[in-house]
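Chemist: structure of the sequence below:
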Amino acid sequence: MSAAPDRRLRRKHPGIRGSQTSFFAGKSGRFARVWPTLNAYERYGAVVVGAGPNGLAAAIRLAQAGRKTLLLEANSTIGGGARSAEMTLPGFLHDVCSAIHPLAAGSPFFQTLPLAEHGLKWLHPEFPLAHPLSDGTAIVLHRSIEETSSGLGADGAAYRKLMSPLALHWTNLADEVLRPMLHWPRHPFLLAQFGRRGLRSATSLARSWFREERAPALFAGLAAHSFLRLDQSASAAFGIVLGLFGHTIGWPMPSGGAQMIARALASYFQSIGGEIKTDSAITNLAEVSIVPLVLLDVTPRQFLRMARERIPKSYRRRLESYRYGPGVFKVDYALATPIPWRAKECHTAGTIHLGGTLAEIAEAEACVATGAHPEHPFVLLAQPTLFDSSRAPSGKHIAWAYTHVPNGSSFDMTERIERQIERFAPGFQQSILARHTMNCAELESRNANLVGGDINGGAADLFQLLARPVLSPSPYQTPIPGVYLCSASTPPGGGVHGMCGFHAADAALKNAPFSIQARSHD
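Modeler: Here you go, the predicted structure:
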């Protein structure tokens with residue numbers, strides 16, 4: 001091949017450099033095998049890599065703006081953390097990763113989409129959350145702050161004072177907290193009010209606001225979703241936000257399982273001209289360098305591998321220092337009967353927090369932070385078939401449970417999880433028909449974004465809430481022109497809400513040159 005075609009190739013595909021150019025311009029036949037792959041992407045104005053909730057949200061936003069958008073997924077099914085499968089016995093439909101979805105139901109972006117018209121139906125348990133205690137009673141998070149407060153004894157008034165002012169302006173607060181922390185606030189006084197409460201540690205807030213045992217236990221369970229030690233700054237923010245979601249949105253589950261969220265998003269995306277291709281792994285950005293906009297629903301670790309030498313050293317060092325948080329050990333159960341909870345409130349709650357008191361939960365999370373496995377773990381459990389009988393054979397049930405473990409752990413936590421369930425539901429093990437377990441490595445093998453079993457896309461401590469994945473007013477933008485990150489490793493972080501993808505797509509659209517913005521669906 002002459003030097004002139006080599007130069008033309010490099011001008012058209014700026015991602016191809018050095019040895020990559022030699023590869024394309026090398027021996028006869030090698031160029032011909034790769035060229036059709038590049039040519040296949042030439043007609044698109046945008047490509048999104050990764051069809052999890054954030055990738056789907058990014059693709060939808062780009063398609064809404066008139067870009068001809070292709071969504072690529074390495075697996076044979078879309079959904080990322082929002083997938084369902086028969087994992088124990090035939091007819092028992094389990095959620096592979098996420099099961100309860102307050103963030104999806106309350107997502108500011110998803111709420112603008114006609115997802116009900118595309119098959120998504122939310123099921124609301126009578127109680128969003130129950131938190132049983134050793135005395136056989138349970139604390140309940142009701143939709144109503146007043147009802148919740150009435151079950152907290154002398155701390156009821158304090159709980160109302162903590163939550164009510166923020167719940168009253170929840171729509172505005174959600175707009176502030178579900179975006180990068182480094183932004184010009186639209187509601188500065190409301191955000192400051194939230195910051196005074198949320199930037200503290202969960203233990204500090206609970207001990208300063210409450211005097212008895214029940215309210216601190218409830219708040220500890222909410223805050224433990226952060227995967228942080230409960231004495232760590234900003235852990236209180238997670239407790240407040242999840243509590244507010246429960247009061248303003250609920251903690252619902254999708255009828256038919258988590259997969260229905262992804263299916264509805266995909267259906268809407270295709271209805272506005274988007275295209276989806278599964279079994280299509282992108283291992284090198286050069287494969288899609290012909291596309292003007294590329295959004296990546298991947299974590300920094302995958303991006304470093306994909307971008308290779310195209311990343312400046314300073315940016316590479318910042319990504320290499322990005323930290324992943326604790327992982328999870330997960331168990332799915334096929335059950336002959338509902339779980340025999342001692343506390344009656346647990347029989348009508350979608351989610352159960354198993355961990356006991358604030359002190360017990362704090363000890364368990366501190367143990368994980370040191371790299372150990374707690375004897376008495378904090379367990380998150382969902383019981384979908386109490387509200388969705390379609391997910392198991394008639395009269396049978398499923399349960400979904402996980403606990404936090406050190407990142408990359410291969411330790412089997414099944415016995416410790418079941419001991420904790422038995423503590424509050426004696427006889428539980430007699431109802432088990434089958435179980436399916438996944439440790440950190442097995443979770444990551446199903447979804448490469450779950451690095452070391454971290455379902456949050458990276459540690460969510462105060463620094464990495466600010467610098468996610470780098471400290472920047474536009475953290476989605478990479479140094480490679482037209483390439484953006486849109487995974488849970490970008491703001492606002494983990495959860496099935498799609499806001500990382502939405503904000504990344506918005507940033508890409510604002511920065512795109514006019515010639516790209518002018519592309520249409522034709």
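
Chemist: where exactly do the helices run in the stretch 51-200 of the chain?
Modeler: Assigned helices in the stretch 51-200 of the chain, in chain order: 53-64, 102-105, 145-150, 156-168, 170-177, 188-198 (criterion: DSSP state H, counting those that start in this stretch).

Chemist: now what about stretch 111-127, what contacts it?
Modeler: Stretch 111-127 is contacted by residues 60, 105, 140-142, 250-256, 260-261, 263-265, 267-268, 271, 345, 348-351, 386-388 when judged by CB atoms under 8 Å, 6 or more residues apart in numbering. Where you see a C-beta, it was placed from the backbone N, CA and C, and this is true even at glycine.

Chemist: just the buried residues out of the residues you listed, in PyMOL syntax.
Modeler: With 16 or more other CB atoms under 10 Å as the burial test, the buried ones among these are selected in PyMOL as follows:
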select buried, resi 60+105+140+141+142+250+251+252+253+254+255+256+260+261+263+264+265+268+345+349+350+351+386+387+388
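
Chemist: just the ones of the contacts of stretch 111-127 in helices?
Modeler: Of the positions in the contacts of stretch 111-127, 60, 105, 260, 261, 263, 264, 265, 267, 268, 271 sit in helices, assigned by DSSP state H.

Chemist: for the fourth one, give me its contacts.
Modeler: Read that as residue 261. For residue 261, the set of contacting residues under the criterion of CB under 8 Å, 6+ apart consists of 53, 79, 82, 101, 104, 115, 120, 254, 496.

Chemist: list the contacts for the last one?
Modeler: Taking CB under 8 Å, 6+ apart as the contact definition, residue 496 lies against 53, 81, 82, 98, 101, 103, 104, 258, 261.

Chemist: ok, of the ones in helices among the contacts of stretch 111-127, which one's closest to residue 438?
Modeler: Of all these, the one sitting nearest residue 438 is residue 261; the distance, using CB to CB, is 20.0 Å.

Chemist: how much space between the closest one and residue 116?
Modeler: Between residue 261 and residue 116 the computed distance is 12 Å (CB to CB, to the nearest Å).

Chemist: do residue 105 as well
Modeler: 11 Å.

Chemist: then residue 472?
Modeler: For residue 472, the distance to residue 116 (CB to CB) stands at 36 Å.

Chemist: repeat for residue 259
Modeler: Spatial separation of residue 259 from residue 116 under the definition CB to CB is 16 Å.

Chemist: between those two, which is the more surrounded one?
Modeler: When residue 259 and residue 116 are compared on other CB atoms under 10 Å, the one with more neighbours turns out to be residue 259, at 19 against 10.

Chemist: residue 436 is in contact with residue 400, isn't it?
Modeler: No - applying CB atoms under 8 Å, one finds residue 436 not in contact with residue 400, separated by 10.3 Å.

Chemist: next, the buried residues of stretch 394-402.
Modeler: If you call a residue buried by 16+ other CB under 10 Å, then stretch 394-402 has these buried ones: 396, 397, 398, 399, 400, 401, 402.

Chemist: could I get the CA-only coordinates of that stretch as PDB?
Modeler: Included here for stretch 394-402 are C-alpha records, laid out as PDB according to Å, rounded to 0.1, in the frame of the first residue of the first chain:
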ATOM      1  CA  SER A 394     -48.100 -20.900  41.800                       C
ATOM      2  CA  GLY A 395     -47.700 -20.800  45.600                       C
ATOM      3  CA  LYS A 396     -43.900 -20.600  45.400                       C
ATOM      4  CA  HIS A 397     -41.700 -17.600  46.100                       C
ATOM      5  CA  ILE A 398     -38.300 -16.100  45.500                       C
ATOM      6  CA  ALA A 399     -36.000 -14.000  47.700                       C
ATOM      7  CA  TRP A 400     -33.000 -11.900  46.800                       C
ATOM      8  CA  ALA A 401     -30.300 -11.100  49.400                       C
ATOM      9  CA  TYR A 402     -26.800  -9.700  49.500                       C
END
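
Chemist: give me the contact list for that stretch.
Modeler: Stretch 394-402 is contacted by residues 88, 91-95, 99, 328-339, 379-386, 391-392, 417, 421, 431, 433 when judged by CB under 8 Å, 6+ apart.
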